[in-house]
Each structure stands twice: as structure tokens, then as C-alpha cells.
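[1] Pasting a predicted model and its sequence here:
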Amino acid sequence: MSTVNTVTEQLTAAGQAIEHDSFAIIDAEAGRHAYSAEQWPIVRRMIHANADFEFNGLTDFHPGAVRAGVAAMLRGGTPVVADVEMICSGLSRPRLAHFGMSTHQFISDADVIAQAQAQNTTRAVQAMRKAHRLGLLQGAVVGIGNAPTALIELVRLIMEDGVRPALVVGMPVGFVSAVESKDLMAQIADVPWIVIRGRKGGSTLVVAALHALLALAEAQQRAEGA
């Protein structure tokens, strides 16, 4: 049985060669780092997404984050709840379909906009609340790359309403509350998380992290002979 990933690889030999060569360059230029063998492929793919080596150091992991993320994907049917459509559009549909996963985001829904206007909150806050009402957050992989208020609201739902996502990938970018939102998430002990410390972040980095987790999940699946 092949031990090489197929679903989570580039679709052509040329594409695979470019990606693998890029990873080799990143490994060489990054040198020694403090990440574990299971964490580094995620950081490496984030560096690959935007050629920024500062993510070697800015990326922080809950001790159980990688294990929890891979388990959620191998479980099958796990929803991915995002703060913005860009994350849903960026994720590979064939890779998600291999694990029966679906994506959800509510930022532009009419009821979300109306609630945000009525309560003088952000659409991102109301989108997280809608995901909670629909029962999508429990056991989900939550990816937040744009809206710090979405991550702050998710932390509130975890602390006050007992919401328990399988994994939170919290990487909102920005200047207002971005740093604080990620610091709040990193204080949560009983929900696994991956965050980028500081102002940097973005939806492309959430997508990169999730693609890396999907690749790790496929590798484990093949190793177990599934």
C-alpha cells in the first residue's frame, strides 16, 4: 500500500515538485526551530503561503491542537465554521470531501446583518452566534482569519455557554483587538487552538493551516491502512 498522500497533494507531478522544493527551501532557510515534528508542517505551510518567515515563532499551539485537529478530520463529517467566505472559498473541495467535511459562514446573511444593526455589534459577532444557534460549533473546526470580534465572541461562547469546538484556528489580522483576541483564545485550556501572536494573520493562513492538517490526517489514515 502506498504511503504517499494523494488527495492532499498537488494534482500534477510538476505542481508536486514545485511545492516539495518550496518546502525544502523553507526547511533549509528556517534552520533550527522550537516546533515539534507534528507542528512544523503547519508552520511551514503557513510560511509557504506568503513567504514570511516570521510565522516561525509567531505561531503558537495548544499542546493538543494538532492531535485534536487530525482526529476531527478523521472522524468524518466535521463542519468547518469560518468567519468569512474567503476561507471557505480557499479550502480545497476534494480534500474536504475526502473526509466528508463541509464549510459554513454566515457573515453576509440578511438576519446576521439585521441583528448586528439592531444590537450595534459586528456581523462577525452575530455570525458566530448564528453558528452556535444552529449547533455547528460543537465539535467543529473553527477558522477565523479576518475578524477579531468573531474570535472574541467565540471565546465568550466557550466560557459562558460551554461551546466546545474540536479545534480553533484563530488568526485574525488587524490593528483593533487582533492581538487581544488571540491572547484571549490562548488562555483557554480545555479547547485546542492554533493562533498567530501579534497583529499578523489572515484568511490565507487559516487555509494553509487547515490544508496542512488535512495532509497530516491523510498520512495517518494511510499509515493505519484505512
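    Good, I have the coordinates. Bear in mind the structure is a predicted one, so any value in this text is a computation, not a measurement.

[2] longest helix of the chain?
    helix 203-223 (DSSP state H).

[3] pLDDT of it, averaged?
    Per-residue pLDDT over helix 203-223 has a mean of 95.

[4] got it, and stretch 82-96?
    97.

[5] and it, which residues are buried?
    Under the neighbour-count criterion of 16 or more other C-beta atoms under 10 Å, stretch 82-96 has A82, D83, V84, M86, I87, C88, G90, L91, R95, L96 buried. No exception for glycine: its C-beta is placed from N, CA and C like everyone else's.

[6] ok, now which ones touch the last one?
    The one in question is L96. If a contact means C-beta atoms under 8 Å, 6 or more residues apart in numbering, then L96 has V80, S102, T103, L214 as its contacts.

[7] of those, buried ones?
    So, by 16+ other C-beta under 10 Å, the buried ones in those are V80, T103, L214.

[8] which of the buried residues of stretch 82-96 sit farthest apart?
    Spatial extent of those (C-beta to C-beta) is set by the pair D83 and R95 at 20.2 Å.

[9] What residues does the residue most central in space within the chain make contact with?
    Residue closest to the mean C-alpha point of the chain, counted by C-alpha atoms, centre = their mean, is V169 at 3.7 Å. Going by C-beta under 8 Å, 6+ apart, V169 touches G69, V141, V142, G143, I144, G145, W193, I194, V206, A209, L210.

[10] if we go to 6 Å?
    The contact partners of V169, by C-beta atoms under 6 Å, 6 or more residues apart in numbering, come to G143, I194, V206, A209.

[11] One more: R95?
    By C-beta under 6 Å, 6+ apart, the contact list for R95 reads V7, T8, L214.

[12] and which of those is nearest S108?
    L214 (25.8 Å).

[13] Relative to A28, how far out is the closest one?
    Distance check for L214 against A28: by C-beta to C-beta, to the nearest Å, it reads 25 Å.

[14] what do you get for S102?
    For S102, the distance to A28 - C-beta to C-beta - is 38 Å.

[15] Mind exporting the C-alpha coordinates of stretch 44-58 to CSV?
    Taking C-alpha atoms only, stretch 44-58 is exported to CSV below (Å, rounded to 0.1, in the frame of the first residue of the first chain):
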residue,chain,number,x,y,z
ARG,A,44,6.0,25.5,7.1
ARG,A,45,2.8,25.6,5.0
MET,A,46,1.9,29.0,6.5
ILE,A,47,5.3,30.3,5.6
HIS,A,48,4.8,28.8,2.1
ALA,A,49,1.5,30.7,1.8
ASN,A,50,3.1,34.2,2.0
ALA,A,51,6.9,33.8,2.1
ASP,A,52,7.0,35.3,5.6
PHE,A,53,9.4,33.5,7.9
GLU,A,54,8.2,35.5,11.0
PHE,A,55,5.5,32.8,11.4
ASN,A,56,8.4,30.7,12.6
GLY,A,57,8.0,32.0,16.1
LEU,A,58,4.7,33.9,15.9
